[in-house]
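Engineer: Quick one, what's the 3D model for this:
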Amino acid sequence: MGTSPPESLHNVEDSTSRKSYRVPPLWRLLLRLLRRAVPLFCRLRVTGDIPAALRDGPLIIVSNHVGTFDPFVLIAACAAHGVAPRFLATGGMFRAPVFGAIMRASGHIRVDRGHRTVTDALHRAGDALAENSTILLYPEGRISLDPGLWPERAKTGAARLALHTGAPVLVVAQWGAHEIMAWDRPATMAATLLSAVYRRPVARVHFAGVVDLSDLSPGDPSAARAAADRITRHGLDALLPLRADEPVMPRHVDHTRPLSTARTYRRDEVTGDAS
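Structural biologist: As a prediction, this is how the structure comes out:
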């Protein structure tokens, strides 16, 4: 997303007078199906909680991004808590045959990366929060390319959305979903997904609480970066226990996934490895 301030975003303090968002029937159905289907491919372990006062929105949920299957794991975990999140997802998903129609009918929000209209997604997300929606997004903006699958340096979109709307940010840490399905190549993705039925990898999702951003002002030019880094730090702290037996590198290596340390966030502080 761009860096121009989203001046027209609604502050969620005004959302009490607005009509609450009604989750589309198709999305309600898919939530129920995915809650039951995801455990067929993994042993899903959900810890932590979403405070009852936040479950009806407005709420921003942010998570680290470890693999192609982890959105389904997150959906199942949210559904277990009675929350129907609306994803901010890349525009390519909305252009795909059939799947794009499902995304639109389910109320998700399109992000046109690399286009002038990319900031429109931030305004649509602000409107959704004003309707008491729950928004789910990945601050990194992509699946982590770090060799150790540590979170990359977050973009500022989620932070700016939180600062300009006042919506709380709840951090989710997850680990293990990268073992369920490969990164790329449809045949490999399908083969690894089918093999997960008998491999039964463990997918852990931890709802790690709300990040306090109350001391940051949306009018401060440095606030968005500070908020983004604080969100990432909170997520890293929550991720460490989930992968305590894999403190540097993951056991499972997906050779189809490209690697890069260009955007790795404070890896030396997390793992003791300054490389």
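
Engineer: Ile75 in helix, strand or coil?
Structural biologist: Here Ile75 is recorded as helix under DSSP: H, G, I helix; E, B strand; the rest coil.

Engineer: does it really touch Arg28, like I thought?
Structural biologist: No - using CB atoms under 8 Å, Ile75 makes no contact with Arg28, being 11.9 Å away. Every C-beta, even on glycine, is put in place using the N, C-alpha and C of the backbone.

Engineer: neighbour-wise, which of these two wins?
Structural biologist: Ile75 (23 against 14; other CB atoms under 10 Å).

Engineer: What sits closest to the more buried one if chain neighbours are left out?
Structural biologist: Leu34 (4.9 Å; CB to CB, 6 or more residues apart in numbering).

Engineer: Helix, strand, or coil at the one you found?
Structural biologist: helix.

Engineer: check contacts around it.
Structural biologist: Residues near Leu34 by CB atoms under 8 Å, 6 or more residues apart in numbering: Phe72, Ile75, Ala76, Ala79.

Engineer: Going by distance to Arg45, which of these wins?
Structural biologist: Ala76 (11.2 Å; CB to CB).

Engineer: List the contacts of the closest one.
Structural biologist: Residues near Ala76 by CB under 8 Å, 6+ apart: Leu34, Arg35, Ala37, Val38, Pro39, Leu44.

Engineer: who wins for neighbours among these?
Structural biologist: Val38 (22 neighbours).

Engineer: Check the burial of the closest residue to Leu216 other than its chain neighbours by counting its neighbours.
Structural biologist: Distance criterion CB to CB, 6+ apart; nearest residue to Leu216, sequence neighbours excluded, is Ala223 at 4.3 Å. Look at Ala223: counted by other CB under 10 Å, it has 19 neighbours.

Engineer: what about the strands in this structure?
Structural biologist: Assigned by DSSP state E, the strands in the chain fall at 43-48, 59-63, 86-90, 109-111, 134-137, 169-175, 202-211.

Engineer: Rebuild those as TSV, extending it with distance to Ser195 and mean pLDDT.
Structural biologist: Below are the strands of the chain laid out as TSV (distance: least, CB to CB, whole Å; pLDDT from 0 to 100):
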stretch	distance to Ser195	mean pLDDT
strand 43-48	15	98
strand 59-63	25	98
strand 86-90	26	93
strand 109-111	32	92
strand 134-137	28	97
strand 169-175	19	98
strand 202-211	15	98
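
Engineer: out of those strands, deepest packed?
Structural biologist: Across the strands of the chain, averaging neighbours per residue (mean count of other CB atoms under 10 Å) puts strand 59-63 on top, at a mean of 27.

Engineer: Run the chain-centre distance for that one.
Structural biologist: In this view, strand 59-63 has its centroid 6 Å away from the chain centroid, taken as CA atoms, centre = their mean, to the nearest Å.

Engineer: Tell me the helices and strands packed up against that strand.
Structural biologist: helix 70-80, strand 134-137, helix 157-165, strand 169-175, helix 223-242 (3 or more CB pairs under 8 Å, 6 or more residues apart in numbering; DSSP states H and E).

Engineer: if you set the cut-off to 6 Å instead, what comes out?
Structural biologist: If contacts are counted by 3 or more CB pairs under 6 Å, 6 or more residues apart in numbering; DSSP states H and E, strand 59-63 sits against strand 134-137, strand 169-175.

Engineer: among those, which is nearest Ala203?
Structural biologist: Closest approach to Ala203 among the helices and strands packed on strand 59-63 is made by strand 169-175 (7.2 Å; CB to CB).

Engineer: by how many degrees do the closest one and helix 223-242 diverge?
Structural biologist: On the basis of axes from the mean of the first three to the mean of the last three CA atoms, to 10 degrees, strand 169-175 is oriented at 40 degrees to helix 223-242.

Engineer: elements contacting strand 169-175?
Structural biologist: In terms of contact count using 3+ CB pairs under 6 Å, 6+ apart, strand 169-175 is assigned the packing partners strand 59-63, strand 202-211, helix 223-242.

Engineer: which neighbours does that strand have in its sheet, and in what orientation?
Structural biologist: Sheet pairing of strand 169-175 (DSSP bridges) gives strand 59-63 (parallel), strand 202-211 (antiparallel).

Engineer: So what touches the last one?
Structural biologist: Read it as strand 202-211. 42-50, 73, 77, 168-177, 230-231, 234, 238, 242 (CB atoms under 6 Å, 6 or more residues apart in numbering).
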